[in-house]
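# Give me a model of this one.
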Amino acid sequence: MAILVITGTGTEVGKTVATAAVAAAALAAGRTVAVLKPAQTGVGPHESGDAAEVARLAGPVTTAELARFPEPLAPGTAARRAGLAPVRPHEVAEAAAKLATEHDLVLVEGAGGLLVRFDAAGGTLADAAVLLGAPVLLVASAGLGTLNTTELTARELRSRELELAGVVIGSWPTDPDLATRCNVTDLPEVSDALLLGAVPAGAGAFTPADFRAGAPSWLAPRLDGTWDAESFRDGQTD
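Coordinates of the predicted model:
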């Protein structure tokens, strides 16, 4: 995969930390990595955004943003309210394609879910993925309610003939309840895709050294890691 688009089933599911884990594992495997954040919302001009957080945790990656809007809203809404030009899907695709000429792996991290709007015309991360012909990695929450949002996102990807590379659980709790443990089995079924990892809850607060050391063990070999879905699932059974 030269370009991997990363989306979530919603907000606050651990997408940025999961992106950092993918970047860290790729770096550990000797690959050069770029992280593109098409639209950063909810931060000021001189504040650290999601791409910078990925670099802090993962290590020496190239980071890029196309636009930054101050209010923590969907990119299209935030752009309109700020009186600024929105990001367009073709701009995302062009920027990612350019980065791919200079890096082994480009991670394109969206804002919120797959269909969050970039502009008034309804452009989304899904549209950018179609233009790129790139696979999409879905970061899902662990607990009750995740099956519905995961299946809806997977269906939308299939309707657009986009490849769902797999599902990563963005924040795996230290003491998972019954629903969470059952979801390890059910997430691959509802998404019709492989479960490719589980990032431990609180990983974003790890020291960068500990994060980089741990990241490969949280992700499957397809993402340059050593995590095994079957062993992980067996460990969650009663």
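
# which residues in this structure form helices?
Along the chain, the stretches classed as helices by DSSP state H are 15-28, 50-58, 75-82, 89-100, 125-132, 146-159, 178-191, 208-218, 229-234.

# among the ones you listed, which is nearest Gly170?
Among those, helix 15-28 comes nearest to Gly170, with 4.8 Å by CB to CB. C-betas here are computed from N, CA, C, even on glycine.

# Which elements pack onto that closest one?
strand 3-8, strand 33-41, helix 50-58, strand 105-113, strand 136-140, strand 164-172, strand 195-200, helix 208-218 (3 or more CB pairs under 8 Å, 6 or more residues apart in numbering; DSSP states H and E).

# let's see 6 Å
Here helix 15-28 touches strand 33-41, helix 50-58, strand 105-113, strand 195-200, helix 208-218, going by 3 or more CB pairs under 6 Å, 6 or more residues apart in numbering; DSSP states H and E.

# Tell me the buried residues in the last one?
Judged by neighbour count (16 or more other CB atoms under 10 Å), helix 208-218 contains these buried residues: Phe211, Arg212, Gly214, Ala215, Pro216, Trp218.

# mind listing what the fourth one touches?
Which is Ala215. Ala21, Ala24, Ala25 (CB atoms under 6 Å, 6 or more residues apart in numbering).

# how many other residues sit next to the closest residue to the last one other than its chain neighbours?
Counting by CB to CB, 6 or more residues apart in numbering, the nearest residue to Ala25 once its immediate chain neighbours are dropped is Asp224, at 4.1 Å. Using other CB atoms under 10 Å, Asp224 has 20 neighbouring residues.

# do the same with the one 10 residues further on
Neighbour count of Asp234, defined by other CB under 10 Å: 10.

# Please report the distance of it from Gly197.
Note on Asp234: its distance to Gly197, by CB to CB, to the nearest Å, is 16 Å.

# do Thr62 as well
On the measure of CB to CB, Thr62 and Gly197 end up 23 Å apart.

# of these two, who's got more company?
Gly197 (29 against 15).

# Grab the nearest non-local neighbour of that one.
Leu219 (3.9 Å).

# any idea which of the helices of the chain is most buried?
helix 15-28 (a mean of 27; mean count of other CB atoms under 10 Å).

# Which residues does it contact?
So helix 15-28 is contacted by 6, 8, 33, 50, 53-54, 57-59, 61, 105, 107, 109, 139, 168, 170, 199, 203-204, 212, 215-216, 218-219, 223-225 (CB under 6 Å, 6+ apart).

# do that again at 8 Å, thanks
4, 6-8, 33, 35, 50, 53-54, 57-61, 104-105, 107, 109-110, 137, 139, 168, 170-171, 197, 199, 203-204, 211-212, 215-216, 218-219, 223-225 (CB atoms under 8 Å, 6 or more residues apart in numbering).
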